[in-house]
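Trainee: please work out how this folds:
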Amino acid sequence: MTDSTQIRVTGLRQAVTRVLPHVTGTIGLDGMLLDFDGEHLYAVASDLQTMAIGRASARESAESWSAFVDRHEVAFLANFVNAVGYDDEVELDLWRTDDDEALWVTAEHRQGIVNACTAAAFLDWRKVVREHLTRPLTAEPIELDPALMHRWTVFDEPVFVRRCGQKNVIVVTAPGFLGLQKGNCWGTSSDTSLDSWLDAVADNRKAA
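Mentor: Numbering: from 1, shown residues only. Next comes the predicted model:
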């Protein structure tokens, strides 16, 4: 039995490229989830330290679906979207058989096929995000791993950074994008390094 679902979306290049830095070698998460909710296509990647969600808009509503693309196939998808414009429309046609899944991607003068698999093993990204976005904003400091910060440098526009709740997680947002980064420890940070800088800028220099 063969089943096919076809959608046309805009913003796919931006959605995919912003998520790429979060595709790592983590077992079970080594790839990208493509999750269509009937109106928007979400590109999702995570290694449990960070999570990134890019959003593209469908021209028309259709039946929802999701598919997981492994790291090697993500490389092909990245090359494909890099050759189309940010606002270009891309057609995605998901084919399912009893034994296999394949995603045809088509843009003007370009077409390719991405092997995919069911997304059942991928984490519930909506549940993870909901857990943090429903918590109140906090001004408490957070300790972050600078080695992960480069993942947010793919933007060509400013991003907003917030911290929600007591867990050490920051929320990064931009138009059509949401990201999370876990801190180095749980609970409220005991960092006092800012105090020394408050003393420095108080300008309590002694007169000569």
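Trainee: can we go C-alpha only for contacts and neighbour counts from here?
Mentor: OK.
Trainee: what about stretch 4-20, average pLDDT?
Mentor: Taken as a whole, stretch 4-20 has a mean pLDDT of 94.
Trainee: show me which residues of that stretch are buried.
Mentor: 7-20 (16 or more other CA atoms under 10 Å).
Trainee: what do you get for stretch 174-184?
Mentor: 177-183.
Trainee: mind listing which of the buried residues of stretch 4-20 are in helices?
Mentor: Using DSSP state H, 12-19 are the members of those that sit in helices.
Trainee: residue nearest the centroid of this protein?
Mentor: For the chain, the residue nearest the mean C-alpha position is residue 52 (1.8 Å; CA atoms, centre = their mean).
Trainee: circling back to that earlier point, can you redo the buried residues of stretch 174-184 as CSV with distance to residue 43 and pLDDT?
Mentor: Shown next, in CSV, are these (distance: CA to CA, whole Å; pLDDT from 0 to 100):
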residue, distance to residue 43, pLDDT
177, 10, 95
178, 11, 95
179, 11, 95
180, 14, 94
181, 17, 92
182, 19, 89
183, 23, 83
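Trainee: for these, which one is nearest residue 150?
Mentor: Closest to residue 150 out of those is residue 181 (11.7 Å), distances taken as CA to CA.
Trainee: how about that closest one, secondary structure?
Mentor: strand (DSSP: H, G, I helix; E, B strand; the rest coil).
Trainee: my read: it touches residue 171, true?
Mentor: Yes. Contact criterion CA atoms under 8 Å: residue 181 and residue 171 qualify, at 6.8 Å.
Trainee: quick revisit: I'd like the buried residues of stretch 174-184 as a markdown table, with distance to residue 90 appended.
Mentor: Shown next, in a markdown table, are those (distance: CA to CA, whole Å):
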| residue | distance to residue 90 |
| --- | --- |
| 177 | 19 |
| 178 | 22 |
| 179 | 24 |
| 180 | 27 |
| 181 | 30 |
| 182 | 33 |
| 183 | 36 |
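Trainee: is the nearest residue in space to residue 58 that is not next to it in sequence bridged to anything, and to what?
Mentor: With sequence-adjacent residues excluded and distances taken as CA to CA, 6 or more residues apart in numbering, residue 58 is closest to residue 9, at 4.2 Å. Applying DSSP bridges to residue 9 gives these bridge partners: residue 58, residue 90.
Trainee: contact partners for residue 9?
Mentor: Neighbour list for residue 9: 41, 56-59, 89-92 [criterion: CA atoms under 8 Å, 6 or more residues apart in numbering].
Trainee: can you flag the buried ones in those residues?
Mentor: 41, 56-58, 89-92.
Trainee: and residue 92, backbone torsions?
Mentor: Torsion angles at residue 92 (phi, psi; degrees, to the nearest 10) stand at phi -120, psi 130.
Trainee: quick check, nearest of the contacts of residue 9 to residue 195?
Mentor: residue 56 (43.4 Å).
Trainee: so the closest one lies in a strand, does it not?
Mentor: Yes. Residue 56: assigned to a strand according to three-state DSSP.
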